[in-house]
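Undergrad: coords please:
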Amino acid sequence: METSALTTLEQHLLDELTSPPSEVRRLFHGRGRCWPGLEQLTVDWLTGQVLVSLFKEPSEAFLVELHQRLNSITTTDIWRQSGAQSLLLQHRDRQGSPMELLWGEDREYQNVVENGLTFKLDLGRKQNNGLFLDMRYGRDWVMEHAQGKRVLNLFAYTCGFSVAAIEGGAEHVVNLDMAKAALTRGRDNHHLNNHDLKKVSFLGHELFKSWGKVRKLGPYDMIIIDPPSFQKGSFALTKDYQRILRRLPELLTENGQVVACVNDPSVSSNFLIEGMAAEAPELIFEQRLENPPEFKDIDPEGGLKVLIFNRQ
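TA: Reported below is the predicted structural model:
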C-alpha cells in the first residue's frame, strides 16, 4: 500500500459522508483493485459506526499517515453532520484481528438495516462482524423469490439468507452451520425482525456428516450454498464443492432452484457452471447476479459470484 494514495482515500470518504447512506453500506472498496495503492483497505458505514479494515499489515509510515488522515476527517463539519458515532480501525492481518477505537463510543454490538431488515453485528471480537455486505443483491433475490417455499440454507453463518427468505414469505427455512454461535446470532436476527421461529430450523452440524438429517427435512424448493473458501478440517472449496453439487437432485423438488455462491478471486463462475453440468446436469444455469455497485472490481470474475440454477 502506498502512503501517497491516502489523499485519495480521505477525499473519497469526505465525499461519501456528505450524504451518508441511510442503510449499511460499503463506502470504499480497495480490494476491487480500482484504487491503486489502497488494495488492502476497505471502509464500511455501519449505521453510524465507520469501520476501516486493513487486510494486510502496511508499513509503519502508511499506518501513521492513515491515523492522521482519519483523525483529520473527524474534525470536519462533514463528519459532525454525518451522524457518525464512532471510527474503528480493524487489523485483520494481525492475530485475533484486533480493533482500535480511533474516535467516539466504544460499542461492541451494532444493529444495522439492509433493505428494511435489521441485523446485529459483533464489532471487535471476531474477524467478520456478521454480515457480508457484498451479498446484498443475493439476499434481495432470495427475498423476492422465497414466497411459499421450503428453503435449505447451507453454511448459514448468521442466517442473513434465512432472514431474507422468511421476510419474503418462505414456508420454512433450514439453516445448517457447524458454528453454533453464528446460528445463535442468526436466531437473534430473526427475533429482531419479529419472525415466527416455528418457521426456522437451526442445525449446528458439519454438513458432510449430516446428509441424512438434511434430506429428512426436505425436499426443498430452494437451496442456498454460500461456503467459505476454506474451513480447516471441514471444507476446501475446489475439492468439496462438487460433493455438494452431486447431492442437489435428491434434495430438490421438481422445479427447485439453487443459489450457488463463491467468493474466491482465483475461482471463476465457470467453476460452478461446469461443476453443476458435471455433477447435476438437470440443473440449468440461469443467471449470475450483479454485485452492488460499491463493490466494483477491476476483474469481473475477481469479486463475489452468485449464480442461479433452475431444475428442468
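
Undergrad: going forward, measure contacts between C-alpha atoms and count neighbours the same way
TA: Noted.

Undergrad: contacts only, for residue 222.
TA: Counting by C-alpha atoms under 8 Å, 6 or more residues apart in numbering, residue 222 touches 146, 149, 150, 151, 152, 252, 256, 257, 258, 259.

Undergrad: phi, psi for the fifth one please.
TA: The phi/psi pair for residue 152 (degrees, to the nearest 10) reads phi -110, psi 120.

Undergrad: ok, it - contacts?
TA: Contacts for residue 152 (C-alpha under 8 Å, 6+ apart) come out as 173, 174, 175, 176, 220, 222, 223, 224.

Undergrad: out of those residues, list just those in strands.
TA: Those of those mapping onto strands are 173, 174, 175, 176, 220, 222, 223, 224, per DSSP state E.

Undergrad: picking up where we left off before, nearest to residue 30, of the contacts of residue 222?
TA: Comparing these against residue 30 with C-alpha to C-alpha picks out residue 259 as the nearest, at 26.7 Å.

Undergrad: who does the helix or strand harbouring that closest one pair up with?
TA: In the assignment (DSSP states H and E), residue 259 maps to strand 252-262. With DSSP bridges as the test, strand 252-262 is paired with strand 220-225 (parallel), strand 305-311 (antiparallel).

Undergrad: most neighbours out of the ones in strands among the contacts of residue 152, which is it?
TA: residue 173 (28 neighbours; other C-alpha atoms under 10 Å).

Undergrad: any idea how far residue 296 is from that residue?
TA: 31 Å (C-alpha to C-alpha, to the nearest Å).

Undergrad: and for residue 20?
TA: 19 Å.

Undergrad: next one: residue 206
TA: Residue 206 is 34 Å from residue 296, by C-alpha to C-alpha.

Undergrad: so for the two, which residue has more residues nearby?
TA: Neighbour count, other C-alpha under 10 Å: between residue 206 and residue 296, residue 296 has more, with 18 against 15.

Undergrad: once you drop chain neighbours, what's closest to that one?
TA: residue 32 (5.9 Å; C-alpha to C-alpha, 6 or more residues apart in numbering).

Undergrad: touching, that neighbour and residue 300? I think so.
TA: No - counting by C-alpha atoms under 8 Å, residue 32 stays clear of residue 300, with 9.4 Å between them.

Undergrad: those two: which is more packed in?
TA: Higher neighbour count among residue 32 and residue 300: residue 32, with 23 against 15, using other C-alpha under 10 Å.

Undergrad: show me the contacts for that one.
TA: Taking C-alpha under 8 Å, 6+ apart, we find residue 32 in contact with 39, 295, 296, 297, 298, 299, 302, 303.

Undergrad: flag every buried residue along the strand holding residue 259.
TA: By neighbour count on 16 or more other C-alpha atoms under 10 Å, the buried set for strand 252-262 is 252, 253, 256, 257, 258, 259, 260, 261, 262.
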